[in-house]
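Trainee: coords please:
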Amino acid sequence: MTTLTEDPPLRLRPMCEADLDAVMAVERAAYPYPWSEAIFADCLRVGYCCWVGEIDRNIVAHGIMSVAVGECHIFNLCVHPRCQRLGLGRRMLRHLLSLALRRQATTAFLEVRASNASARALYAAEGFCEIGTRRNYYPAGKGREDATVLARELVSV
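Mentor: Predicted coordinates for the structure are as follows:
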């Protein structure tokens, strides 16, 4: 992969089953408790909005979202650690929210680790507000960690 600068050329496209090895590499690099390949395969199978972001034909980001009954739920938004802080997560998030709006969703929801300050800052900057807590939601080094539940209205993205 070439040296990355602010605002690198990110190509967004729908995820397919052939992408799962590369998606898993990003997931494992970014999280101590990654999703399994089976979870990603199930998301594809049931028709969730599954997208990847590529730089130089290398998958460096992915996003998974469901849209139903006027709501969207972002389940996974991940950027490879080498590519973080370049605006790629924001671009993927805005893309997913734009898709949700086109599918007539009016509210977006997501969970984020309570300890993930950078993700929380991104979501706050994009208009998400805290609406609750899911206790012991995420696996953690010593037991479980709470998730902060966030939401925003989708009137414009």
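Trainee: in contact with residue 141, which residues?
Mentor: Residues near residue 141 by C-beta atoms under 8 Å, 6 or more residues apart in numbering: residue 32. (Glycine included, C-beta is placed from N, CA and C.)
Trainee: can you tell me how far it is from residue 52?
Mentor: 29 Å (C-beta to C-beta, to the nearest Å).
Trainee: residue 86 now?
Mentor: The gap separating residue 86 from residue 52 is 16 Å, by C-beta to C-beta.
Trainee: and those two? which has more neighbours close in?
Mentor: Using other C-beta atoms under 10 Å as the criterion, residue 86 and residue 52 rank with residue 52 on top: 22 against 19.
Trainee: what about the more buried one, helix or strand, and which?
Mentor: strand 49-55 (DSSP states H and E).
Trainee: can you name the element that comes right after that strand?
Mentor: Remark: after strand 49-55, the chain's next helix or strand is strand 58-68, criterion DSSP H and E.
Trainee: so what strands line up beside whichever helix or strand comes after that next one?
Mentor: Once the chain leaves strand 58-68, the next helix or strand it forms, by DSSP H and E, is strand 71-79. Counting by DSSP bridges, the strands paired with strand 71-79 are strand 58-68 (antiparallel), strand 107-113 (parallel).
Trainee: return the residues in contact with the nearest residue to residue 143 once chain neighbours are set aside.
Mentor: Closest residue in space to residue 143, ignoring its immediate chain neighbours: residue 136 at 7.4 Å, by C-beta to C-beta, 6 or more residues apart in numbering. Going by C-beta under 8 Å, 6+ apart, residue 136 touches 143-146.
Trainee: most neighbours among the residues you listed, which one is it?
Mentor: When neighbours are taken as other C-beta under 10 Å, the top entry among the contacts of residue 136 is residue 145 (18 neighbours).
Trainee: got the angle for the helix or strand in which it is found vs strand 107-113?
Mentor: Per DSSP H and E, residue 145 falls inside strand 143-153. Compare the direction of strand 143-153 with that of strand 107-113 by axes from the mean of the first three to the mean of the last three C-alpha atoms, to 10 degrees and you get 160 degrees.
Trainee: could I get the buried residue list for the top helix by length along the chain?
Mentor: When the chain is parsed with DSSP state H, its longest helix is helix 88-102. For helix 88-102, the buried set under the neighbour-count rule, 16 or more other C-beta atoms under 10 Å, comprises 88-89, 91-93, 95-97, 99-101.
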